[in-house]
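K.L.:
Just a sequence and a predicted model for now, questions to come.
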Amino acid sequence: MQFNKSKVILISFAHFTHDIFSSLLAPILPLLIDKLGISLTQASLLDIIRKAPSLFNPFLGIIAEKTNAKYFVILTPSITAISMGLLSLTSSFYIALFLLFIAGLSAAFFHIPSPTMIKEFSGNESGKGMSYFMVGGESARTIGPILAAGVISIWGLEGIWKLTPIGILSSIFLYYKLKDYTPKYKAKKFETKDIKATLKKVKKFFIFIAFYIFLNNTPKYTLSLFLPLFLTKKGLSVEMASIYFGIFQAFGILGAFYGGRISDKIGRSNALYITTIGIAIFLTLFLWQSNIIFLAPLGFFVFTTSPIILAYVHDIKTDTPTFINSIYMAINFGISSITIYFAGIIAQKFGLNKMFEITILLTIMSLFFVYNLKKIKI
């Protein structure tokens, strides 16, 4: 099958419109902390509760294998948009937790089937397809903070609600474009023995992936949540911190765009070696000089990893790719939740700068698991 560019772009567009709203937590976090009167540890819980539903991804993946999961992709931009819009209006920490849980559940339902659809539409160029897909997500995390900065400057935090129609209109458009689509990989029969056989086959691979994600993606998780807060503590306004965060994310788009493509040509493991070393170097330089110049290449390397790993996962030869993807998503989001929680504790006790210094060491340690991944045949 050839690379179906129009379909790949369509699912990438869905990723873009959905993740615009997922990306709003980081830029509005400084204002939420003030409004809700919460600590950094409590602030980290907001992100954890948003990612908690991902722990159920394998079960959701089984559901997706047995159903026409296109409706997950169609409806979730609206659900996430409404949840994040209401978040900007609440003055209760517990209601904020509830709304973020709903947004997280919606995100889980979106991210389970969408990469499988990308795989189907990409033919033999899955790395390229995953790059398009991740560009959609990273573009959202660039545009989202900039939109947030504009809305906040005009209407304040509560004005975030005015962005909600973007998600609703996206769902309407996606329904129109996907209503006649039937997934190629829909499993006719997916029983307990199939689950056990699949898990046995991919167990070792996912163990190494889990350790790599925990160590290497720590800079991505912490920067994605705490960078605006870090910059405001350096003296920048919330609006300027959001713009700088947008620049960081903009170079992340380039990383996402080229990451999968490069891995198609030089191999997944070799691409991960380059990415890991780049993260360690430029995060060190950014902390040393606190210069925006180093923030740009840091963003590039931090976000290069995602499409490479996603393509790596979808290289697995299987009849149940949606279930396989759900395992990866559970690991990815589950580990990120744990990472963010402990990062919040460390930041609370020792400061954000010390927390970022620790992530550099963890990134270097992840090279060991790249070496082991390279030896596994999938």
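P.N.:
Sure, I can see it.

K.L.:
pretty sure T284 contacts I360?
P.N.:
Yes - using Cβ atoms under 8 Å, T284 makes contact with I360 at a distance of 5.6 Å. Where you see a C-beta, it was placed from the backbone N, CA and C, and this is true even at glycine.

K.L.:
CA atoms only for stretch 347-367, dumped as PDB, please.
P.N.:
Taking C-alpha atoms only, stretch 347-367 is exported to PDB below (Å, rounded to 0.1, in the frame of the first residue of the first chain):
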ATOM      1  CA  ALA A 347      10.900  20.900  42.600                       C
ATOM      2  CA  GLN A 348       9.000  21.700  45.800                       C
ATOM      3  CA  LYS A 349      11.900  20.800  48.000                       C
ATOM      4  CA  PHE A 350      15.000  21.700  46.000                       C
ATOM      5  CA  GLY A 351      13.800  24.000  43.200                       C
ATOM      6  CA  LEU A 352      13.000  23.600  39.500                       C
ATOM      7  CA  ASN A 353      16.700  24.100  38.500                       C
ATOM      8  CA  LYS A 354      17.800  21.100  40.600                       C
ATOM      9  CA  MET A 355      15.000  19.000  39.200                       C
ATOM     10  CA  PHE A 356      16.100  19.700  35.600                       C
ATOM     11  CA  GLU A 357      19.700  18.800  36.500                       C
ATOM     12  CA  ILE A 358      18.500  15.400  37.600                       C
ATOM     13  CA  THR A 359      16.700  14.800  34.300                       C
ATOM     14  CA  ILE A 360      20.000  15.200  32.500                       C
ATOM     15  CA  LEU A 361      21.600  12.400  34.400                       C
ATOM     16  CA  LEU A 362      18.500  10.200  33.700                       C
ATOM     17  CA  THR A 363      18.700  11.000  30.000                       C
ATOM     18  CA  ILE A 364      22.300   9.800  29.800                       C
ATOM     19  CA  MET A 365      21.400   6.600  31.600                       C
ATOM     20  CA  SER A 366      18.700   5.800  29.000                       C
ATOM     21  CA  LEU A 367      21.500   5.100  26.300                       C
END
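
K.L.:
what mean pLDDT would you report for it?
P.N.:
Throughout stretch 347-367, pLDDT has a mean value of 89.

K.L.:
Am I right that Y175 is in contact with I74?
P.N.:
Yes - counting by Cβ under 8 Å, Y175 touches I74, with 5.0 Å between them.

K.L.:
Among these two, which residue is more densely surrounded?
P.N.:
I74 (22 against 14; other Cβ atoms under 10 Å).

K.L.:
need the contact list for the residue nearest to that one when sequence neighbours are not counted.
P.N.:
Leaving aside its chain neighbours, I74 sits nearest to L174 (4.6 Å; criterion: Cβ to Cβ, 6 or more residues apart in numbering). Each residue near L174 by Cβ atoms under 8 Å, 6 or more residues apart in numbering is listed here: 10, 14, 73-74, 77.

K.L.:
next one: the helix or strand bottoming out on mean pLDDT in the chain to chain centre, how far?
P.N.:
Between all helices and strands in the chain, the lowest mean by mean pLDDT, DSSP states H and E belongs to helix 57-66, at a mean of 75. Its chain's average C-alpha position is 19 Å from that of helix 57-66, according to Cα atoms, centre = their mean, to the nearest Å.

K.L.:
Backbone dihedrals for R261, both of them.
P.N.:
Backbone dihedrals for R261, given as degrees, to the nearest 10, come out at phi -60, psi -50.

K.L.:
That one is in contact with S126, isn't it?
P.N.:
No - using Cβ under 8 Å, R261 makes no contact with S126, being 10.8 Å away.

K.L.:
mind listing what the residue nearest the centre of the chain touches?
P.N.:
Closest residue to the average C-alpha location of the chain: G137 at 7.2 Å, with Cα atoms, centre = their mean. If you count contacts by Cβ under 8 Å, 6+ apart, G137 has them with 15-16, 19, 256, 306.

K.L.:
for I364, same thing?
P.N.:
Going by Cβ under 8 Å, 6+ apart, the list of residues near I364 reads 276, 280.

K.L.:
Secondary structure element for it, which one?
P.N.:
In the assignment (DSSP states H and E), I364 maps to helix 352-365.

K.L.:
Can you dump the C-alpha atoms of stretch 49-58 in PDB for me?
P.N.:
This file holds the C-alpha atoms of stretch 49-58, laid out as PDB (Å, rounded to 0.1, in the frame of the first residue of the first chain):
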ATOM      1  CA  ILE A  49      -5.000  12.900  37.200                       C
ATOM      2  CA  ARG A  50      -5.200  14.000  33.600                       C
ATOM      3  CA  LYS A  51      -3.000  11.100  32.600                       C
ATOM      4  CA  ALA A  52      -4.400   8.500  35.000                       C
ATOM      5  CA  PRO A  53      -7.000   7.100  32.600                       C
ATOM      6  CA  SER A  54      -4.200   6.000  30.400                       C
ATOM      7  CA  LEU A  55      -3.500   3.200  32.900                       C
ATOM      8  CA  PHE A  56      -6.700   1.600  31.500                       C
ATOM      9  CA  ASN A  57      -5.400   1.800  27.900                       C
ATOM     10  CA  PRO A  58      -5.000  -1.900  27.400                       C
END
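
K.L.:
from the chain's centre, how far out does it sit?
P.N.:
Stretch 49-58 has its C-alpha centroid displaced from the chain centroid by 13 Å (Cα atoms, centre = their mean).

K.L.:
residue boundaries of the helices in the stretch 201-350 of the chain?
P.N.:
Listed in chain order, the helices of the stretch 201-350 of the chain (DSSP state H, counting those that start in this stretch) span 218-233, 238-266, 268-289, 292-313, 321-350.
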